[in-house]
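J.: Quick one: sequence plus predicted model below, questions after.
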Amino acid sequence: MKKSDFKTGMWIELRNSKKAMVLLNTDRGDIFSGIDTWGNLESYSEDLIYKGIGGCDDSKFIYENSIVKVYNPSSNEHTYNFDKEYYNHNCIWERKGVKSKLIKINAVINAESIKDIENAIAELQDKLDSLKINLELNDDWGYGGLL
């Protein structure tokens, strides 16, 4: 499913479980609107990943606001209400696979934390190398230079 496949009246579900109806060609452009969420579809890439307007650096926000399901109401009377218990909405697309997992990983690990982890690993490696040198020099500890 691509954003260009959307039609007015379809429903989307974000990863944060919020649901909204797709409304195309409004005075405000192509939008979605629900009880507890709304947005402009310009904020989404063609593959339905949230990108924000002008870009967004908050990977957790990107992850939580990406579209994960698209529904098509089973009839006109079901279009304006998204109550799965009562109305029948057919899920016509669901995000699956590696791309979804990569988005989650990027949301959990940002660039700063990667640098922190790399620095911590380098410090530990330096300490380990120092210990190996000390042990090799102090052969009388019984290690016989095996390290």
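T.: Noted; the coordinates are in hand. Numbering: from 1, shown residues only.
J.: how's the protein carved up into domains?
T.: Listed domain ranges for the chain are 3-108, 111-141 (source: automatic domain parsing).
J.: Test for you: state the pLDDT assigned to the closest residue to residue 11 other than its chain neighbours.
T.: Leaving aside its sequence neighbours, residue 11 sits nearest to residue 71 (CB to CB, 6 or more residues apart in numbering; 4.1 Å). Bear in mind the C-beta positions are built from the backbone N, C-alpha and C, glycine included. The per-residue pLDDT reported for residue 71 equals 91.
J.: got it, and the one 5 residues further on?
T.: The pLDDT attached to residue 76 in the predicted structure is 67.
J.: Ok, residue 110 next?
T.: In the predicted model, residue 110 carries a pLDDT score of 57.
J.: quick one: what helix or strand has the nearest residue to residue 15 once chain neighbours are set aside in it?
T.: The shortest distance from residue 15 to any residue other than its chain neighbours is 4.9 Å, reached at residue 68 (CB to CB, 6+ apart). Assigning secondary structure by DSSP states H and E places residue 68 in strand 67-73.
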